[in-house]
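**Q** Attaching a predicted model along with its sequence, questions to come.
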Amino acid sequence: MNGAFYISAIGLGSQQRALDVIASNIANVNTPSFKRSEVRFSEVLAVRNDPDVPRADLVDAPISSGVRLDSAVMIDEGGTIQSTGQQMDLAIEGRGFIELMGPGGQTMLWRGGPLRIGEEGLLGAANGMALKAAITVPADATAVIIGRDGVVRARTGTDTAPVEIGQIALVRVDDTSALERLDGGLYRARDTAKLTDAQPGEDGIGMLVQGGIERSNVEMTTEMVQMMLVQRAYSANAQVIQAADQLMGIANGLRR
């Protein structure tokens with residue numbers, strides 16, 4: 001069997017997966033704090049060692065059998081902070097994640113976004129998950145003030161001076177490949193992930209920005225160029241299969 005079929009089939013599958021990654025990036029261009037992904041390809045090698053056809057120059061020599069998509073890596077680069085002027089919008093300027101309490105008590109990681117005050121007064125994300133810091137906002141609070149250092153203050157009643165009600169801490173993930181990306185801008189740390197607690201501004205972990213939203217780090221022009229390159233590679237693999245099929249058709253049509 002012509003090996004071109006197998007090599008091109010691997011290439012077609014890899015380019016299809018690459019298109020899926022690019023499509024996901026483009027679809028989330030307006031998703032707050034979304035991190036784009038890039039694909040990594042690796043070469044597939046086959047060892048030529050046929051005892052019936054001894055060729056000293058090729059025995060045990062690796063022969064390229066195409067490429068395959070090895071992984072899709074999340075690019076941990078911060079997006080542009082867009083000012084909204086809304087006191088309940090929160091962004092992280094720099095690396096770091098905010099911890100949320102997910103369903104069942106598991107910890108979720110969050111890059112920020114719209115905040116809301118829950119039924120019990122707990123400060124949390126717009127999806128209803130409370131901050132792991134368990135910050136309770138007084139019922140008569142007229143304003144919530146979040147400093148760049150993560151200190152949360154509330155102005156209540158007729159008091160002019162805000163009162164400190166809690167502290168938002170951040171965590172740093174040494175290897176973002178150990179994170180599992182979920183819907184709604186959430187992340188779950190796998191068992192292999194190493195999380196380091198720090199206060200905002202310490203160890204380069206970043207600062208908090210109230211009244212702002214982090215935009216995705218997806219660049220439409222870059223993604224469109226990558227999509228065209230992948231489409232060309234996909235077309236080239238399809239043409240190789242077509243050419244191999246034509247050659248086999250010619251070989252099968254030979255007459256002695």
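**A** Alright, I've got the coordinates.

**Q** Quick check: pLDDT value at the residue found closest to Pro103 once you drop the neighbours it is linked to in the chain.
**A** Once flanking residues are discounted, Pro103 sits nearest to Met129: 8.0 Å by Cβ to Cβ, 6 or more residues apart in numbering. Any C-beta I mention is one placed from the backbone N, CA and C, and that applies to glycine too. On the pLDDT scale, Met129 is placed at 92.

**Q** Could I get the contacting residues of Met129?
**A** By Cβ atoms under 8 Å, 6 or more residues apart in numbering, Met129 lies in contact with Leu100, Met101, Gly102, Pro103, Met108, Trp110.

**Q** okay, now the residue nearest to Val29 when sequence neighbours are not counted: neighbour count?
**A** Once flanking residues are discounted, Val29 sits nearest to Val218: 4.6 Å by Cβ to Cβ, 6+ apart. Neighbourhood size, Val218 [other Cβ atoms under 10 Å]: 22.

**Q** Past the helix or strand of the chain with the lowest mean pLDDT, which element shows up next along the chain?
**A** Among the helical and strand segments of the chain, the one scoring lowest on mean pLDDT, DSSP states H and E is strand 61-74, with a mean of 61. For strand 61-74, the succeeding helix or strand toward the C-terminus, using DSSP states H and E, is strand 81-83.

**Q** Can you pull the domain assignment for this protein?
**A** Domain segmentation of the chain under automatic domain parsing yields 3-76+218-252, 81-214.

**Q** If you average pLDDT over each of those, which is lowest?
**A** Minimum mean pLDDT among those: domain 3-76+218-252, a mean of 78.

**Q** mind checking the end-to-end distance for it?
**A** 16 Å (Cα to Cα, to the nearest Å).

**Q** got it, and stretch 128-138?
**A** 18 Å.

**Q** can you give me the helices for the stretch 1-150 of the chain?
**A** 3-27 (DSSP state H, counting those that start in this stretch).

**Q** how many neighbours does the closest residue to Asn25 other than its chain neighbours have?
**A** Closest residue to Asn25 apart from its sequence neighbours, by Cβ to Cβ, 6+ apart: Arg36 at 4.5 Å. Residues contacting Arg36 under the criterion other Cβ under 10 Å number 22.

**Q** In contact with Arg36, which residues?
**A** Asn25, Asn28, Met74, Ile75, Ser216, Asn217, Val218, Glu223.

**Q** hmm, try it at 6 Å
**A** Asn25, Ile75, Asn217, Val218 (Cβ atoms under 6 Å, 6 or more residues apart in numbering).
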